[in-house]
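Peer 1: Kindly return the folded structure for what I paste below:
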Amino acid sequence: QVQLIESGGGLVQAGGSLRLSCAASGRTFSTYAMAWFCQAPGKERELVAAISYNSNTYYADSVKGRFTISRDNAKNTAFLQMDSLEPEDTAVYYCAAKRWTYSDRQTSYDYWGRGTQVTVSS
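Peer 2: Residues are numbered from 1 along each chain as shown. Model prediction:
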């Protein structure tokens, strides 16, 4: 069983930055792909960025060049650096984990955090 705890959300002005963290329990973090999903009010949850066990990465088109996903296996933590934030980025951001390589399907992920709110004001 893996527990995921997100942190780092908050209120920021447009153009600002936030760094989300996802701390994972367990000893096998390095074998997991980690992903960040977001869900805005009235919208479906969607994949923002993901990183496989071997550090291959994926980004949604809407965040390419602005967000960076990374991982620190020694600290059992994944990160999402969010720069040049836009009001459209306002959402609850969820961390998710699955074995080995990332997937764009939510149902492929075995573990989920409770989410952290990101609000970008214009």
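
Peer 1: Which residue lies nearest the spatial centre of this structure?
Peer 2: W36 (2.3 Å; Cα atoms, centre = their mean).

Peer 1: would you say that residue is within a strand?
Peer 2: Yes: assignment of W36 by DSSP: H, G, I helix; E, B strand; the rest coil places it within a strand.

Peer 1: Next, find the distance separating W112 from D83.
Peer 2: With distances taken as Cβ to Cβ, to the nearest Å, W112 is found 25 Å from D83. The way it works is simple: take the backbone N, C-alpha and C, and place the C-beta from them, glycine included.

Peer 1: Please identify which of the two sits among more neighbours.
Peer 2: W112 (18 against 14; other Cβ atoms under 10 Å).

Peer 1: Does the more buried one touch A96 like I think?
Peer 2: Yes: contact status for W112 versus A96: in contact at 5.1 Å, counting by Cβ atoms under 8 Å.

Peer 1: Just to be sure, R71 is in a strand?
Peer 2: Yes: checked against three-state DSSP, R71 lies within a strand.

Peer 1: Leaving out sequence neighbours, find the closest residue to it.
Peer 2: Leaving out its chain neighbours, the residue that sits closest to R71 by Cβ to Cβ, 6 or more residues apart in numbering is A78, at 4.7 Å.

Peer 1: For the one you found, what is the enclosing helix or strand?
Peer 2: Assigned by DSSP states H and E, A78 belongs to strand 77-82.

Peer 1: Any stretches of the chain with poor pLDDT?
Peer 2: The chain contains no residues with pLDDT under 70.

Peer 1: For it, which segments count as strands?
Peer 2: Counting by DSSP state E, one finds strands in the chain at the ranges 4-7, 10-13, 18-24, 32-39, 46-51, 57-59, 67-72, 77-82, 91-99, 111-112, 116-121.

Peer 1: Need the winner for burial among the ones you listed.
Peer 2: strand 32-39 (a mean of 24; mean count of other Cβ atoms under 10 Å).
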